[in-house]
Every structure is written in C-alpha cells, then in structure tokens.
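Engineer: Can you look at this prediction? I've put the sequence above it.
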Amino acid sequence: MAEKHSPLEQFLIKPLVPIKIGGVDLSFTNSALVMVIVVVLVGLLMTKGMGKRGLVPGRLQSVAELSYEFVANLIRETVGTAGRKYFPLIFTLFMFVLFGNMLGMIPSVFTFTSHIAVTFFMAAVVFIGVTVLGFVRHGAHFFSFFLPAGVPWILWPLIIPIEIISYLSRPLSLSVRLFANMLAGHALLKVLAGFVPLLGIAGIAPLLVVFALVGLEFLVAFVQAYVFTILTCVYINDAENMH
Amino acid sequence: MSDTQKPPELAGFEARLKEAEARQAAAEKPPDERGKGMALAFRVSAELVGGLIVGVGIGWLLDRWLGTKPWLLIVFFLLGSAAGLVSVMRTVSGMGHGVGYKPTPGEPRKGDDGTKTGREARGE
C-alpha cells in the first residue's frame, strides 16, 4: 500500500496523547494541536498587538486593528447596530477559521477545517444558537419563517416542507462548503505535486500549475473564512430582525 | 539654482504617474470586489447541494421509519431540489437569504438602522 504517498494521507487524524475515558476516545490529536496553536496565535496577536495601544499603530497592532475593523464592518453591514453584541462570537469564528485555513497552507501542517466534524460542529452551534435566538425574540411568531406571505393556501402543503428543508439545510451547506473546499484544494495540490518527480524534466508543467494553485488556495482560504462569517451574520440578522 | 526646478525627466512625472495609476485601476477590479464575487459563487453552489442532501436525508430516514420505501425518498428528493433552488434564487436575487422572506410591497428591505443592508448596497 502506498499510504506514504496517498494524497489523502495529510487528512489522517493521529492521536498524539492517547486519552480514553469510559470507552470514549478523547485523545489529544494532531488536529487538536493545530487548534490549540491557532487559539494561542490569535490570542497573542490580539493581546500583544493591542498591548502598546499606540496612536500610530505598529505592524502587529495594524493587523489586530484591521481584523477587528473588518469583522465589525461586516456585522454593521449585514446585521446593523443590533449585531454588536454578537461581535465576540463572530470575531472568534472568523479568526479561528481564517487562522486554521491559513496555517493549513503551511506544508505538513494539519488543516483542521478540512474535517466535516470540525466545520459541522461550528455550523451546528451557529444554527442552534440562531434558532434559539429566533424563538426567544419572536416566540411562536418564529414559525411564520416557514410560510412566505401571499402564498395561496392550496400551496401550503408544498411550500412549508420546502421552506423547512431550506432552513434545515443551512448548517449542512455552511459546513460542507468550508470542509469540501479545503479538502479538495489540499488533495488537488498533493495530487499535482505528486506528478512533479514522476515526469522528470516535464515535471515543470505540473510544478507551474501547483505554483498557481497555491496562490488560489490562499485566496480560497480567506474567502471561505469570509463566507462562513458573513453567513453567520446573515442568519443572526434573520433571527434578530425577523420580517 | 532653485529647489523648485525639477530635472527634465521628472517634469511630467506626476502626470505620467496619475495616468499609469488610472490605467491600472481600470484594468483590474479592486481585490475586495473579486473576493466578494467568489464568495457569492461559493455560497450559491453549496446552497443547491445542501437543500438536496437534506431533502434526500429526510426522505430516506422517514422511509426507514415508516417502511414506505421508496416513496417518501422520491417526494423529499423533489422537495429538496426545490428547496435548493429556492435558496439559490434568494441568494442571487438579493431578496435576503432568510427562509420565508416576506417582502413588504413597495418597500425595499431595510437594516434596523434604516439604511440599506449590506447585501443590497453591494447589489448581491
């Protein structure tokens, strides 16, 4: 078996510190390690960067301020001022996904966003949170979510299931989008890179493609974090300002 | 020798720089716009697939539970496809992404502070 050279080998979860509690595998894995690194890096960026509080920001402070403003603007644009209280959650999600994607671009660093277990958990938290928020805000009126206005009653048996499916598909599309893009991108890079040594001198062609794809993957890494964040904002907006 | 006098090669420099910058700006969209277009494309594709998967999943589970294979699977496959398409239409047409969006006649959707929401402003 060619496990060593399989393009999917990079997604293998390896336990680093095996922990078993009551038959449940709670091992500290390479995936968890990268997550811890991401949390530490983001924490350092925000605390160190803002530590000086210079009127004229230094490099680190600029990055910290830029990321803050980026997310703050995103929330203001999609949710309005009512969205301010969700800033900590949205900012955390954005930085976590962004750093996870970006660290994954470093060769041989595990990309935890390429696992649906990770992305679906985040999406499920957002979905359940937003649903609870909608109920708290609007009570039973929340169910009018599933019935667009002006629909003749004859169509209700058709429209209501469609709307419910459409609502339930939110966490799925949210998580599948992120995980599939990261998985496909990284696997593709590995497959194409595998051609380079095989083709000898002609290997320059796949090498050029890999070179271009790495650039694209950096863009995808950012755009995916952006999409995840903006959709979270959109869902919060739907629950917050129900129409 | 006066300080204000520029060497000849610098004479039209400002004008040429402006011209070059304008050319470059015209040639490429700002990176922000490019990223947003890509973000929209990613969203639309997943929206379509998501509705379909959830529809098929519900139909399959209900079939197993009620023993009505394969009828509910077929029905919910169609409903799921419809749900996916509805989501795509909502995303692309900028009607808002909310399930069950209710347009007030003659009034565009507003953010709570009375301004246009970002999606409208961007024309998404």
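Structural biologist: On my side now, so go ahead.

Engineer: Lowest-scoring secondary structure element of chain A by mean pLDDT?
Structural biologist: Sorting the helices and strands of chain A by mean pLDDT, DSSP states H and E puts strand A:24-25 at the bottom, at a mean of 83.

Engineer: so after it, what's the next helix or strand?
Structural biologist: Downstream of strand A:24-25, the next assigned helix or strand under DSSP states H and E is strand A:28-29.

Engineer: And A:Ala140, how far from chain B?
Structural biologist: According to Cβ to the nearest Cβ, to the nearest Å, A:Ala140 and chain B sit 14 Å apart. Yep, even glycine has a C-beta here, placed from its N, CA and C like the rest.

Engineer: Against A:Tyr235, how distant is that residue?
Structural biologist: Going from A:Ala140 to A:Tyr235 by Cβ to Cβ, to the nearest Å gives 20 Å.

Engineer: Counting neighbours, go ahead and name the busier of these two.
Structural biologist: For A:Ala140 versus A:Tyr235, neighbours defined as other Cβ atoms under 10 Å in any protein chain shown are more numerous around A:Tyr235 (27 against 7).

Engineer: Determine the longest helix present in chain B.
Structural biologist: Identified as the longest helix of chain B according to DSSP state H is helix B:31-66.

Engineer: residues of the helix or strand that comes right after that one that come out buried?
Structural biologist: From helix B:31-66 onward toward the C-terminus, using DSSP H and E, the following helix or strand is helix B:71-93. Within helix B:71-93, the residues scored as buried using 16 or more other Cβ atoms under 10 Å in any protein chain shown are B:72-73, B:75-77, B:79-88, B:90-91.

Engineer: Over to stretch A:131-138?
Structural biologist: By neighbour count on 16+ other Cβ under 10 Å, the buried set for stretch A:131-138 is A:131, A:133-134.

Engineer: In helices, which of those appear?
Structural biologist: Among the buried residues of stretch A:131-138, DSSP H puts A:131, A:133-134 in helices.

Engineer: Quick check: of those residues, which lies closest to A:Ala205?
Structural biologist: A:Ala205 lies nearest to A:Thr131 out of these, by Cβ to Cβ, at 50.0 Å.

Engineer: which residue sits closest to that closest one, ignoring its sequence neighbours?
Structural biologist: Once flanking residues are discounted, A:Thr131 sits nearest to A:Ala239: 7.4 Å by Cβ to Cβ, 6 or more residues apart in numbering or on different chains.

Engineer: tell me the secondary structure for the one you found?
Structural biologist: With DSSP: H, G, I helix; E, B strand; the rest coil as the basis, A:Ala239 sits in helix.

Engineer: Now do the contacts for it.
Structural biologist: A:130-131, A:133-134, A:137-138 (Cβ atoms under 8 Å, 6 or more residues apart in numbering or on different chains).

Engineer: can you list those residues in a markdown table and add pLDDT?
Structural biologist: A markdown table is the format used below for those (pLDDT from 0 to 100):
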| residue | pLDDT |
| --- | --- |
| A:Val130 | 93 |
| A:Thr131 | 93 |
| A:Leu133 | 92 |
| A:Gly134 | 90 |
| A:Arg137 | 88 |
| A:His138 | 87 |
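
Engineer: Turn these into JSON lines, columns for distance to A:Gly80.
Structural biologist: Below are the contacts of A:Ala239 laid out as JSON lines (distance: Cβ to Cβ, whole Å):
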{"residue": "A:Val130", "distance to A:Gly80": "16"}
{"residue": "A:Thr131", "distance to A:Gly80": "20"}
{"residue": "A:Leu133", "distance to A:Gly80": "15"}
{"residue": "A:Gly134", "distance to A:Gly80": "16"}
{"residue": "A:Arg137", "distance to A:Gly80": "14"}
{"residue": "A:His138", "distance to A:Gly80": "17"}
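
Engineer: Tell me the pLDDT of residue 57.
Structural biologist: If you meant another chain, say so; for now it's chain A. Per-residue confidence (pLDDT) for A:Pro57: 85.

Engineer: Oops, wrong one, chain B.
Structural biologist: Looking at B:Gly57, its pLDDT reads 93.

Engineer: The one 4 residues further on too?
Structural biologist: The predicted local distance difference test score for B:Leu61 is 93.

Engineer: Pull up the gap between it and A:Phe121, please.
Structural biologist: Applying Cβ to Cβ, the value for B:Leu61 to A:Phe121 is 21 Å.

Engineer: now do A:Lys85
Structural biologist: Using Cβ to Cβ, we find A:Lys85 at a distance of 23 Å from A:Phe121.

Engineer: go on, B:Glu47?
Structural biologist: In terms of Cβ to Cβ, B:Glu47 sits 21 Å off from A:Phe121.

Engineer: For these two, indicate the residue with more neighbours.
Structural biologist: B:Glu47 (28 against 13).

Engineer: Am I right that A:Phe127 is in contact with A:Pro171?
Structural biologist: Yes - if you go by Cβ atoms under 8 Å, A:Phe127 and A:Pro171 touch, sitting 3.9 Å apart.

Engineer: Compare these two (neighbour count), which wins?
Structural biologist: Legend: neighbour count by other Cβ under 10 Å for A:Phe127 and A:Pro171, higher for A:Pro171 (24 against 20).

Engineer: could you say which helix or strand contains that one?
Structural biologist: Applying DSSP H and E as the criterion places A:Pro171 in helix A:156-198.

Engineer: now that helix and helix B:31-66, what's the angle there?
Structural biologist: Angle of helix A:156-198 versus helix B:31-66, following axes from the mean of the first three to the mean of the last three Cα atoms, to 10 degrees, is 120 degrees.

Engineer: returning to that earlier point: report the buried residues of the longest helix of chain B.
Structural biologist: In terms of neighbour count (16+ other Cβ under 10 Å), helix B:31-66 has its buried residues at B:35-36, B:38-40, B:42-43, B:45-60, B:62-63.
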